[in-house]
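In: Got a predicted model here, sequence first, then my questions.
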Amino acid sequence: MVPHILVNHCVAHRLALASSQAAEKVSYLFKWKSSLEQLFRFYHASGVRTAYLLEIQTILEEPKVKVIEAKDVRTTRP
């Protein structure tokens, strides 16, 4: 209702929105995201499974990482 108003979206947010909407049209990416969500739920729901994942990383001398939930828009962590 205000003709002289300017609407400004963050460039990164616009890119994230556009890419997530485009990814919905590609069946491979939809399946990939579904697999990531299942992986997160598998480890997030069980402390024992998470401990096994940590043990595997230790044996393989890999960096200790946690499985985090996949989101369309994510901020960087400090």
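Out: Arrived safely, thanks for sending. Given the structure is predicted, the values throughout are model-derived calculations rather than measurements.
In: Does the lengthiest helix in the chain pack against any helices or strands, and if so which?
Out: Once the chain is assigned using DSSP state H, the helix that runs over the most residues is helix 27-44. Using 3 or more C-beta pairs under 8 Å, 6 or more residues apart in numbering; DSSP states H and E, the elements in contact with helix 27-44 are helix 11-23, helix 47-59. For the C-beta atoms, the positions are set from N, CA and C on the backbone; glycine is no exception.
In: Just the buried positions in the last one, please.
Out: Under the neighbour-count criterion of 16 or more other C-beta atoms under 10 Å, helix 47-59 has residue 53 buried.
In: That helix: how far from the chain's middle?
Out: Distance of helix 47-59 from the chain centroid (C-alpha atoms, centre = their mean, to the nearest Å) equals 21 Å.
In: That one versus helix 27-44: what angle between them?
Out: Orientation check (axes from the mean of the first three to the mean of the last three C-alpha atoms, to 10 degrees): helix 47-59 against helix 27-44 gives 100 degrees.
In: and helix 47-59, what does it pack onto?
Out: Packed next to helix 47-59, using 3+ C-beta pairs under 8 Å, 6+ apart, are helix 27-44.
In: Distance of residue 12 relative to residue 31?
Out: Here residue 12 is placed at a distance of 26 Å from residue 31 (C-beta to C-beta, to the nearest Å).
In: Show me the residue at the heart of the chain, geometrically.
Out: Most central residue of the chain, judged by C-alpha distance to the mean C-alpha position with C-alpha atoms, centre = their mean, is residue 70 at 2.2 Å.
In: Thanks a lot, catch you later.
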